[in-house]
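Student: Structure for the following, please:
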Amino acid sequence: MELFPLLLEAVSIEFKCHPRFGDLSPQDKKQILKLTVSGKGGQREAIKAGKADKDRICLARDSKGTILGWASFNKDPGETQRTAVINVFVSSKLRGQGTGKKLFLMIFKEAQKAGFSRVSAFPTTKPGSVEFFQKMKKLVQGKIKKFTIFSF
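Tutor: Alright, predicted model coming up:
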C-alpha cells in the first residue's frame, strides 16, 4: 500500500493592528463576535455592550478578508498599575499553527508602546488557552514586570 502525502491549501494571512475596536466596520465586528467564545473574562459580552470600543486590536485575515483571529488589550479597570488585559481568539481551524502567537506578540508590542508594564490574561477555554498563555508568558519573560494568568 502506497501512502500519499495530504496536501493542504496554503492560507495566506495578513496581520494588521488598529487603534480602536470601535473604528472597525460592522461586518468586522460581526465576524469577531462569531470567533469569540464566552468565558470568565466576558469579552463577548463586553463587545456586544460597546465596552470594547476603545480597545486596541490586531486582526488576522485571509486573502478574502475573512477574520481568522484577533487579539486586543485594554487597561485593567481594577488595577492602579499600568496593567494591560490581553485577549486572543483564533479560529479552531488555525490553532497550533502560530497565528495566536503572532497576534499575541503584536498586541503585546502595542501594549508596551502605550506604556503598559504588566499583563493580565483571562483564558476562556481549558486546557488550550491556559497552555497558550503559559507559553506566551515564558516568551515575554524579562520584557515585562508582571504577567498574571487568571484561572476560571
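
Student: which residues sit in contact with I13?
Tutor: Contacts for I13 were tallied using CB atoms under 8 Å, 6 or more residues apart in numbering; they are A60, R61, D62, L68, T99. The C-beta positions use only the backbone N, C-alpha and C, and glycine is treated the same way.

Student: out of those, which are buried?
Tutor: Listed as buried from the contacts of I13 are A60, R61, L68, T99; burial here means 16 or more other CB atoms under 10 Å.

Student: Which ones among those lie within strands?
Tutor: A60, R61, L68 (DSSP state E).

Student: re the thing from before, just the closest of the contacts of I13 to F116, please.
Tutor: Among these, A60 lies closest to F116 (CB to CB), at 21.7 Å.

Student: isn't the closest one right up against L103?
Tutor: Yes. Counting by CB atoms under 8 Å, A60 does reach L103; the two are 5.9 Å apart.

Student: lowest-confidence helix or strand of this protein?
Tutor: helix 43-48 (a mean of 78; mean pLDDT, DSSP states H and E).

Student: quick check, distance from it to the centre of its chain.
Tutor: 14 Å (CA atoms, centre = their mean, to the nearest Å).
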